[in-house]
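Enquirer: Just need the structure, nothing else, for what follows:
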Amino acid sequence: MMGFGGGPTLLIPGLAGFYARVEPMVYTLLRFGIGIIIFIHGWGKLTGPGLEGVTGMFGKMGLGAAGAFALAAIFLETVGSLCVAIGLFTRFFAAALAIEMLIALLTAHLPKGFSVGAGGYEYVLLLGLVFFAIALRGGGVYSVDQKLIGKEL
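Expert: The predicted model follows:
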């Protein structure tokens, strides 16, 4: 059943207050969680193959300026992801990471199909959509952007 505001009415209306109170915390948890997930991914690039290895991998995929792409990927997946996690320059880094996920989808994962198990684009598509949503919404209530800086892009 639709409410007068155009959205669905709650089956248990008494939960409305609870949902309103936890929404900022849930968003913060989502932002922090995806930031840490990508940080670990980037840390693996940095401490595993390193810049030289990632550059070689990107070169084999046919990316021009593979060294620049490798440096950008490592930077975004370490520094940028931690900024998203704490909500610092959130919109900028989330947008940059969404673009990186799109590039990864098109260059590395699209030819392998949808399934993540086959190396497909399923997972990077999800990550990219989450980063895009964060870029549109910003850091939220519990972010360095709002609590310490007081401004966002």
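Enquirer: so where's the chain shaky on pLDDT?
Expert: 1-6 (pLDDT under 70).
Enquirer: run the last query once more with 80
Expert: Applying pLDDT under 80 to the chain picks out residues 1-7, 150-153.
Enquirer: got the buried residues for the biggest helix by length in it?
Expert: Counting by DSSP state H, the longest helix found in the chain is helix 16-47. For helix 16-47, burial by neighbour count (16 or more other C-beta atoms under 10 Å) applies to 27-28, 31-32, 34-35, 38-39, 42, 45. C-betas here are computed from N, CA, C, even on glycine.
Enquirer: Excluding its own residues, what touches the next helix or strand after that helix? List them.
Expert: The first helix or strand that comes after helix 16-47 along the chain, using DSSP states H and E, is helix 50-60. Identification of contacts with helix 50-60 by C-beta atoms under 8 Å, 6 or more residues apart in numbering yields 45, 49, 66-67, 69-71, 73-74.
Enquirer: burial count for residue 131?
Expert: The local packing of residue 131 (other C-beta atoms under 10 Å) involves 28 other residues.
Enquirer: Tell me if I'm right that it and residue 91 touch.
Expert: No. Judged on C-beta atoms under 8 Å, residue 131 makes no contact with residue 91 at a distance of 10.4 Å.
Enquirer: which residues sit against stretch 63-82?
Expert: Identification of contacts with stretch 63-82 by C-beta under 8 Å, 6+ apart yields 34-39, 41-43, 45-46, 51, 54-59, 93, 96-97, 100, 103, 107.
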